[in-house]
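Novice: could you work out the structure for the sequence below:
(2 chains)
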2 protein chains.
Amino acid sequence: MQLDHEYFMKRALVEAEGALDREEIPVGAIVVMNNKIIAKGHNLTETLTDVTAHAEMQSITAAASALGGKYLKDCTLYVTLEPCQMCAGALYWSQVSQLVFGAADEHRGYRKMGTQLHPKTKVVSGILSDECAELMHAFFSRKRKQH
Amino acid sequence: MQLDHEYFMKRALVEAEGALDREEIPVGAIVVMNNKIIAKGHNLTETLTDVTAHAEMQSITAAASALGGKYLKDCTLYVTLEPCQMCAGALYWSQVSQLVFGAADEHRGYRKMGTQLHPKTKVVSGILSDECAELMHAFFSRKRKQH
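Specialist: Numbering: from 1, shown residues only, chains lettered A, B, ... in the order given. Model (predicted):
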């Protein structure tokens, strides 16, 4: 059967929950090609002590490795949070066919920052945005209580 | 002695030559802290089959690893070519103190693309820009002859 955006965003949310379990900002991403998940990743900036270790970056690298080629031309990247400048810039180079994201990032998101995606990349936003945003709120609310 | 921008850009050029030797687009980068090189890297997008493997990304990751912390607050990143959106976005997150680059990238550079660096990041451009640009020209001219 043809699986839909909600189905795949739920899988990205499972990745985000994996980040939460490690006390990482809960963002998850997957890459889908022909109805099949070829890569997944979640934010690992704290675990790896590396600002570049965003969910999308992990997934772009893993997808290219799975494909044996660096361009994601027939792929869709699902991510629970709107990508930042860095990740949108990486998506630009990847020439990904489609970007689907959940919650908007009004402050650091690529749209507010004016980052350009590849002209061939189609964008779908707001898929399960409440669930995606709720995970972020839960994380930051817990962090505030700890300090 | 206090080493200057030209000294460190020459070291970044050595990295770029390392990329050229691997038939990679010749861009090299280093990270300097307190007059000392703590990380270096060059473009590896072909070798690693990964669009995210730019010289700056390699160097930011390596510098954070050397420091044991993800922020490059007292560091200068030297790179032979003006960073792209992705790399400028990574530099934004790293809060690097200073960015020094050689050749301008009029098409895909972060300034043309409108990418924002961290407000605390100081920028110096045009250091050994002719040498940095010459290496790029040599690469693309050789590639054109091959095809």
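
Novice: show me the strands in chain A, by range?
Specialist: A:28-33, A:36-42, A:75-81, A:98-103, A:122-125 (DSSP state E).

Novice: any chance of these in CSV, plus mean pLDDT, distance to residue A:55 and mean neighbour count?
Specialist: No exception for glycine: its C-beta is placed from N, CA and C like everyone else's. Compiled in CSV, the strands of chain A are given as follows (pLDDT from 0 to 100; distance: least, CB to CB, whole Å; neighbours: other CB atoms under 10 Å in any protein chain shown):
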stretch, mean pLDDT, distance to residue A:55, mean neighbour count
strand A:28-33, 98, 4, 26
strand A:36-42, 98, 5, 20
strand A:75-81, 98, 6, 28
strand A:98-103, 98, 11, 24
strand A:122-125, 98, 16, 13
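
Novice: okay if I get the ones you listed as a markdown table plus distance to residue B:44?
Specialist: Below are the strands of chain A laid out as a markdown table (distance: least, CB to CB, whole Å):
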| stretch | distance to residue B:44 |
| --- | --- |
| strand A:28-33 | 21 |
| strand A:36-42 | 19 |
| strand A:75-81 | 21 |
| strand A:98-103 | 25 |
| strand A:122-125 | 29 |
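
Novice: got JSON lines for these, with distance to chain B too?
Specialist: Output for the strands of chain A, formatted as JSON lines (distance: least, CB to the nearest CB, whole Å):
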{"stretch": "strand A:28-33", "distance to chain B": "13"}
{"stretch": "strand A:36-42", "distance to chain B": "12"}
{"stretch": "strand A:75-81", "distance to chain B": "12"}
{"stretch": "strand A:98-103", "distance to chain B": "14"}
{"stretch": "strand A:122-125", "distance to chain B": "16"}
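
Novice: need the helices for chain A, in chain order.
Specialist: Assigned by DSSP state H, chain A shows helices spanning A:5-21, A:55-67, A:85-94, A:110-113, A:129-146.

Novice: lowest average pLDDT across those?
Specialist: Least confidently modelled of those is helix A:129-146, at a mean of 93 by mean pLDDT.

Novice: packing partners of it?
Specialist: The contact analysis (3 or more CB pairs under 8 Å, 6 or more residues apart in numbering or on different chains; DSSP states H and E) places helix A:129-146 against helix A:5-21, strand A:75-81, strand A:98-103.

Novice: now check the longest one, is it near chain B?
Specialist: When you say that, I think you mean helix A:5-21. No. Helix A:5-21 lies out of reach of chain B by CB under 8 Å from any CB of the partner chain, never closer than 15.5 Å.

Novice: keeping just the C-alphas, turn that helix into CSV.
Specialist: Presented in CSV, the C-alpha positions along helix A:5-21 are these (Å, rounded to 0.1, in the frame of the first residue of the first chain):
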residue,chain,number,x,y,z
HIS,A,5,3.0,11.5,5.2
GLU,A,6,1.4,10.9,8.6
TYR,A,7,2.6,7.3,8.6
PHE,A,8,6.2,8.4,7.9
MET,A,9,6.1,11.4,10.3
LYS,A,10,5.1,8.9,13.1
ARG,A,11,8.3,7.0,12.3
ALA,A,12,10.3,10.3,12.5
LEU,A,13,8.5,10.9,15.9
VAL,A,14,9.8,7.6,17.2
GLU,A,15,13.3,8.8,16.3
ALA,A,16,12.6,12.0,18.1
GLU,A,17,11.6,10.0,21.2
GLY,A,18,14.9,8.2,20.9
ALA,A,19,16.6,11.6,21.2
LEU,A,20,14.5,12.5,24.2
ASP,A,21,15.6,9.3,25.9
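
Novice: got the angle for that helix vs strand A:36-42?
Specialist: Per axes from the mean of the first three to the mean of the last three CA atoms, to 10 degrees, the angle that helix A:5-21 makes with strand A:36-42 is 30 degrees.

Novice: the second one too?
Specialist: For strand A:75-81 and strand A:36-42, the angle between their directions (the same axes, to 10 degrees) works out to 30 degrees.
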